[in-house]
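Chemist: quick one, fold the following:
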Amino acid sequence: MNIRQLMKQAQQMQEQLQKDLADTVVEATVGGGVVTVKMSGQKQVLAVELDPEVIDPEDPEILQDLLVAAFNEAGRKVDDHLGEKLGGMAPGIPGLG
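Modeler: The predicted model follows:
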């Protein structure tokens, strides 16, 4: 395979990956379901859902911790999805598959 073909194949794979990430939505739920975050494959937050019971003006730190955990979990799910996609593409790349 010549370098030009290899570069074209890599560009096509990158375009496909970008399209897949644009179409991907992950959801992370923490605290037994009281906080849910939806995130795109490009790590843009799409939605945050809060159960009213988690909103306690006397203890905002609980909600803050749950939000951090939900955002981090959603980010991990995007990373896992990306890893699966890249792993699935590796067989098409000489030397990686």
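Chemist: below-threshold pLDDT in this structure: ranges please.
Modeler: 1, 89-97 (pLDDT under 70).
Chemist: just the strands in it please.
Modeler: Here the chain has its strands, by DSSP state E, at 25-30, 35-40, 45-50.
Chemist: got the buried residues for the second one?
Modeler: Judged by neighbour count using 16 or more other C-beta atoms under 10 Å, the buried positions of strand 35-40 are 35, 36, 37, 38, 39, 40. Bear in mind the C-beta positions are built from the backbone N, C-alpha and C, glycine included.
Chemist: from those, pick the one nearest residue 13.
Modeler: residue 40 (20.0 Å; C-beta to C-beta).
Chemist: beta partners for the closest one?
Modeler: residue 25 (DSSP bridges).
Chemist: how about the contacts made by it?
Modeler: 21, 22, 24, 25, 46, 78 (C-beta atoms under 8 Å, 6 or more residues apart in numbering).
Chemist: could you find the closest non-adjacent residue to residue 77?
Modeler: Nearest in space to residue 77, with sequence neighbours left out and distances taken as C-beta to C-beta, 6 or more residues apart in numbering, is residue 26 at 4.0 Å.
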